[in-house]
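**Student:** Return atomic coordinates for the entry below.
(2 chains)
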Amino acid sequence: MLCQRKTKNNVQRYFGTNNTICSKKDEQPASMHEISKETESQESVKENTKKDLLGIIKGMKIELSTVNVQTTKPSSTRQLKSVEATINKLQKAPGDAPKKRTKSLSPELVAAASAIADFLPFDKQTTKSELLRQLQQHEEVSKAQKNGGRAKISVSNIISDMKVAKSATIRVSTRPVHQIQFDEGSDDYMSQKTSDVKKSLRKNMLKGKRLNIFDLKAVTEETSETETTPSLWDIEFAKQLAAVNEQPLQNGFAEMIQWTKDGKLWEFPINNEAGFDDEGSEFHEHIFLDIHLKDFPKQGPIRHFMELVTCGLSKNPYLSVKQKIEHIEWFRNYFNEKQDILKENGIEFN
Amino acid sequence: MAAAATSRWLGFRCRLCLKLRGQRASPCGQIPCCRFYSGSATLPKVEGTNITGIEEVVIPRKKTWDKVAVLQALASTVSRDPTAAPYAFQDDPYLIPASSMESRLFLLAKKSGENAAKFIINLHPKYFQKDIAEPHIPCLMPEYFEPQIEDISEAALKERIKLKKVKASVDMFDQLLQAGTTVSLETSNSLLDLLCYYGDREPSTDNHFQQSGKSEELVKDTGENDKKSKKADDQFGVTWRAKNNAERIFALIPEKNSYSYCTMIRGMVKHRALVQALNLYAELLNNRLKADVYTFNALIEATALNMNEKSEDKWNNILELLKQMAAQKVKPNLQTFNTILKCLRRFQAFGRLPALQTFREMKAIGIGEYVSWCPSLEGTTDKTSLLSHSAENPSKGSSRIIYDIMNEITGQKFTPKDPDDDMFFQSAMRVCSFLRDLELAYQVHGLLNTGDNWKFIGPDHRRNFYYSKFFSLLCLMEQIDVTLKWYKDLVPSVFFPRSQTLIDLLQALDVANRLEVIPQIWKDSKEYGHTFRSDLKEEILMLMARDQHPPELQVAFADCAADIKSTYESQDARQTAPDWPANSLNCIAVLFLRAGRTQEAWKMLGLFRKHNKIPGNKLLNEFMDSAKASNSPAQAIEVVKLAGAFSLPICEGLTQRVMADFAISQEQKEALGNLTSLTSDSDSDSDSDISEGI
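**Tutor:** Numbering: from 1, shown residues only, chains lettered A, B, ... in the order given. Below is the predicted model of the structure:
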């Protein structure tokens, strides 16, 4: 239903610029009403007044044969003798009726209708015939009213309504592409068809026959690839990829990100370690160096001296942790070498 | 959303606190203090004697943040301001561009400034040695492009290869060989890489600068800086010469490995030596070596580009290559399939089924998951939409694959995987526009605004194309209020509309009967550089003049018409476009009349004479109405005179109206009589020129 309304809206909108066709939309409800009335009356005619029907069909036959002459359909149509044969023929050749119907409309209207049909995202033929049908019905209703409101059922109405039942069943089963459709539920049918098409295509398009060359297992299998330095090809390809989503910067922060990456900006969070890279060693390793004094005596002048050394080292930002430890090591070795002097002076160093 | 994020953050913080507290609590429970105090050497000893074992203090690891994490968090709080120019243009307010041309110039100028500075610094590095930054900023220092190692050695060769000095590297290689030194296979292979990638030509100098689409264009514009323009380096420009240095060195390498073959094949395909490439592949197979996936990609391309074969044969050859890949256990990558899809696009109608099968194969073996589908989608959608255009397939089923693809990739975030990734949104929107499916267009647009996907919209012209298509579709299918909202949101902060886009909008306004917005649209279009677009101006005038409107609206329309009139006048001064169209003259005059600006309207009549255009009947009637309203028979007669001067058939009718409606003097009657007799004489030949006019 939603889709149906949308289609109508579109039709109105496309033609908004054209004043003459705009009026069509006002008549739509009326004509729709007409249709239902006509269908009802058609049924009653069918069931109750057989004579009338025969008369109508006779008239129909005449019109049909004229159409056939024009369209050079199989000549067998002319040899039709019985009424039943005529009906059969009618049902078999659905293409004939609309031609006749459009005949009474002015060529401008037909052209306009086909123009819309070209414009709409649906089946061209369906749209065109729908539009023409609306116009036609309007024309016929007004004609009938002109004729003093006589309850005359137009031949083409019967033809079209007879088609409703028949063609609908045909289409559900075989879905011919080029068949002209003009049943009441055609809008519903359209939306149904589109979703049908979508569904079936999802099956078709992404889950159909594939090349069947590569095997999923073989492809996903992890192979130990030897680490090689990227070649010129790889580097240039990476550059191309980087250029793909290169866009002008969106805000000041994005610009600062760019500058940070270029190395033009102090890195956030801002601290005094900018540009200070000591192989991942951390703050405490730089500051708390007492831990390296375990081998030194727990007290005495050497201890005191070494504590002063570590204190100085902990305040030095220019040496790496490794260098600081080496520095302490040097003193350890130094005191080791001077053991005898130390002993002479009564200083203990184990 | 925000609340959820906050609560999550709080939760995280609480857990962090607990964790910290827990960590601290465990040692604290046993030992009240275990810090080493420098200078108080006695303390640890005392503690140590009291308690059996001292537990190590676990110092919590410093939390390291990514250097841009803070900035990224801040940047994510800034959303686009639809009332402001894009950030890239925010400089001097005077320089903020107002049309797509200006914005292009702006970006080019900015980029060229950067490049010029960089060029000078690199040309004279000795003047730019002072390093005042602390910490040191390497990217502001001159780069060295001259080789530093002077002697003849493999290290010197490596350095020259790294600096992409093609000729110097070849010379060095030759000298090394003459000296009897053997060059290692690795180095010779990287030399081959260099030679093959650039087709044995020196890479253009701008390679050292930042490479982007803009800078390339720029280099083309300011070609005098470079000895060789970028164009010459285009892959079709440089062709593979037989017996070039690459082939010579390749022959000189004593023990070639598969990499040497592969890079040769890739180079040959890149520079369109297709037959040689295929022959070399045969040689590679004969030597019982294996090609890598990149080489297969190149070979597939070579097969598809081969001129002398039919599509079907080409496709069979490609399949053959793929089977060889599978047999040699070479894993295909995304580029393999993209190359196939791109090649199949050239096969026109034949390529449709193989493309679908290839696509399914990709999906079946899960290449790159769905994210990387965008380039392949590009291949497929583009081709299929082309197909349905050419074949006029009434079912349009072939374009419908986009529905399936959209279902798969909606909500995904893309990362660049293929150089053509930035084509996706453009082609998806083209298919939407072709199918006239607004819902799908919204879906595509939603995908564009997912994560950082907007970065994939590509350079300026692609973005303009995307948004023009999107907006035209909105004008066509969407309610006018929504369309206008989009208009406010997108224009001009995202794109500058083309005149056709504005005409679409005008038509949408007309359909929705919202003509009162037109003066605003005219103002905008003037701003966006469409002042001299006569089709746009005529559309605006036609819409304004077509129907009668309430008086205040008529006044606004008349102002707008006066403005348009002034553009026509300045156009006269420029002497570029053809002069006044009769339609515009008519419309402007009518608009002046309806707004009660009679004086100007009468002046318009003078313009009709000057430019030798014919006023429409409707216009003349309106003039007569206005003359009647001001009760001035002189004006009425003036109108008749004008009509007479142009020998219009309406002249007679006008005369009768004057006779009936106005009280005119005898002289005037006589003058009128003369006029009518004149026109009836020339009536016969005037019929032909009344086709113009309203």
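**Student:** Assign a three-state SS to the nearest residue to A:Val244 once chain neighbours are set aside, would you?
**Tutor:** Spatial nearest neighbour of A:Val244, excluding adjacent residues (Cβ to Cβ, 6 or more residues apart in numbering or on different chains): B:Pro416 at 4.2 Å. C-beta coordinates here come from the backbone N, C-alpha and C atoms, glycine included. What DSSP: H, G, I helix; E, B strand; the rest coil gives for B:Pro416 is coil.
**Student:** Any idea how many residues pack against B:Pro416?
**Tutor:** Other residues lying near B:Pro416 total 20 when counted by other Cβ atoms under 10 Å in any protein chain shown.
**Student:** Backbone dihedrals for it, please?
**Tutor:** Backbone geometry at B:Pro416, expressed as degrees, to the nearest 10, gives phi -70, psi 130.
**Student:** Tell me who's in contact with it.
**Tutor:** A:Leu241, A:Ala242, A:Val244, A:Asn245, B:Phe456 (Cβ atoms under 8 Å, 6 or more residues apart in numbering or on different chains).
**Student:** Swap in 6 Å and give it another go.
**Tutor:** Applying Cβ atoms under 6 Å, 6 or more residues apart in numbering or on different chains to B:Pro416 gives the contacts A:Leu241, A:Val244, A:Asn245.
**Student:** Can you give me the neighbour number for B:Lys342?
**Tutor:** Neighbours of B:Lys342 (other Cβ under 10 Å): 22.
**Student:** right, and the helix or strand after the host helix or strand of it?
**Tutor:** B:Lys342 belongs to helix B:334-346 when assigned by DSSP states H and E. For helix B:334-346, the following helix or strand on the C-terminal side (DSSP H and E) is helix B:352-364.
**Student:** how near is A:Val309 to A:Phe276?
**Tutor:** 22 Å (Cβ to Cβ, to the nearest Å).
**Student:** So between those two, which is more surrounded?
**Tutor:** A:Val309 (17 against 12).
**Student:** Name the SS class of the more buried one, please.
**Tutor:** With three-state DSSP as the criterion, A:Val309 reads helix.
**Student:** same thing with B:Lys67?
**Tutor:** Per three-state DSSP, B:Lys67 ends up coil.
**Student:** ok, now which ones touch it?
**Tutor:** A:Thr260, A:Glu267.
**Student:** 7 Å instead, please
**Tutor:** A:Thr260, A:Glu267, A:Phe268 (Cβ atoms under 7 Å, 6 or more residues apart in numbering or on different chains).
**Student:** and what of B:Ala326?
**Tutor:** Applying Cβ under 7 Å, 6+ apart, the residues near B:Ala326 are A:Ile213, A:Phe214.
**Student:** How confident was the prediction at it?
**Tutor:** According to the prediction, B:Ala326 has pLDDT 87.
**Student:** do the same with B:Ala282
**Tutor:** pLDDT, B:Ala282: 91.
**Student:** low-scoring pLDDT stretches of the stretch 351-500 of chain B, where are they?
**Tutor:** B:367-400 (pLDDT under 70).
**Student:** Burial check on residue 318, number of neighbours?
**Tutor:** Just so you know, I chose chain A. Neighbours around A:Tyr318, by other Cβ under 10 Å: 6.
**Student:** um, chain B though
**Tutor:** Applying other Cβ under 10 Å, I find that B:Ile318 has 22 neighbouring residues.
**Student:** Help me confirm that it comes into contact with B:Ile300.
**Tutor:** Yes. B:Ile318 lies in contact with B:Ile300 (Cβ atoms under 7 Å); the separation is 5.5 Å.
**Student:** Tell me the secondary structure at the residue in chain B that chain A sits nearest to.
**Tutor:** In chain B, the residue found nearest to chain A is B:Pro135; the distance is 2.7 Å by Cβ to the nearest Cβ. Put simply, B:Pro135 is coil when judged by three-state DSSP.
**Student:** Now it. Its backbone dihedrals?
**Tutor:** phi -70, psi 160.
**Student:** Kindly report the same for A:Lys294.
**Tutor:** Here A:Lys294 shows phi and psi, under degrees, to the nearest 10, equal to phi -60, psi -40.
**Student:** Then B:Gly616?
**Tutor:** phi -80, psi 160.
**Student:** Check it and give its pLDDT.
**Tutor:** 83.
**Student:** Helix, strand, or coil at residue 297?
**Tutor:** Since no chain was named, I'll use chain A. coil.
**Student:** wouldn't it be in contact with A:Glu348 here?
**Tutor:** Yes. Using Cβ under 7 Å, A:Pro297 is in contact with A:Glu348, at 5.7 Å.
**Student:** Chain neighbours aside, what residue packs nearest to the most centrally placed residue in chain B?
**Tutor:** Relative to the mean C-alpha position of chain B, the nearest C-alpha, by Cα atoms, centre = their mean, is the one of B:Arg462, at 2.4 Å. Nearest residue to B:Arg462, sequence neighbours excluded (Cβ to Cβ, 6+ apart): B:Gln426, at 4.8 Å.
**Student:** And for A:Thr310?
**Tutor:** In space, A:Thr310 is closest to A:Leu289, 4.0 Å off (Cβ to Cβ, 6+ apart).
**Student:** neighbours around that neighbour, how many?
**Tutor:** Neighbour tally, A:Leu289, other Cβ under 10 Å: 24.
**Student:** Looking at A:Pro297 and A:Glu348, which is more packed in?
**Tutor:** For A:Pro297 versus A:Glu348, neighbours defined as other Cβ under 10 Å are more numerous around A:Pro297 (17 against 11).
**Student:** close enough to count as contact, B:Pro86 and A:Gln247?
**Tutor:** No. Applying Cβ under 7 Å as the test, B:Pro86 and A:Gln247 come out as separate, 9.8 Å apart.
**Student:** pLDDT score assigned to residue 181?
**Tutor:** Since no chain was named, I'll use chain A. So, for A:Gln181, pLDDT stands at 39.
**Student:** try chain B instead
**Tutor:** pLDDT, B:Thr181: 84.
**Student:** For the closest residue in space to it that isn't next to it in sequence, list the residues it contacts.
**Tutor:** Spatially, and ignoring its direct neighbours in sequence, B:Thr181 is nearest to B:Glu154 (7.1 Å; Cβ to Cβ, 6+ apart). By Cβ under 7 Å, 6+ apart, the contact set of B:Glu154 is B:Leu176, B:Val183, B:Ser184, B:Thr187.
**Student:** The last one touches B:Ala155, doesn't it?
**Tutor:** No. B:Thr187 lies out of contact with B:Ala155 (Cβ under 7 Å); the separation is 9.4 Å.
**Student:** shaky segments in the stretch 201-350 of chain B?
**Tutor:** In the stretch 201-350 of chain B, residues with pLDDT under 70: B:205-238, B:348.
**Student:** let's see 90
**Tutor:** B:201-248, B:251-258, B:271-276, B:278, B:287-292, B:301-318, B:324-350 (pLDDT under 90).
**Student:** Dihedrals phi and psi, the residue nearest to B:Thr181?
**Tutor:** Dihedral angles (degrees, to the nearest 10) for B:Glu154: phi -70, psi -30.
**Student:** what pLDDT, on average, does stretch B:552-561 get?
**Tutor:** Stretch B:552-561 comes out at a mean pLDDT of 92.
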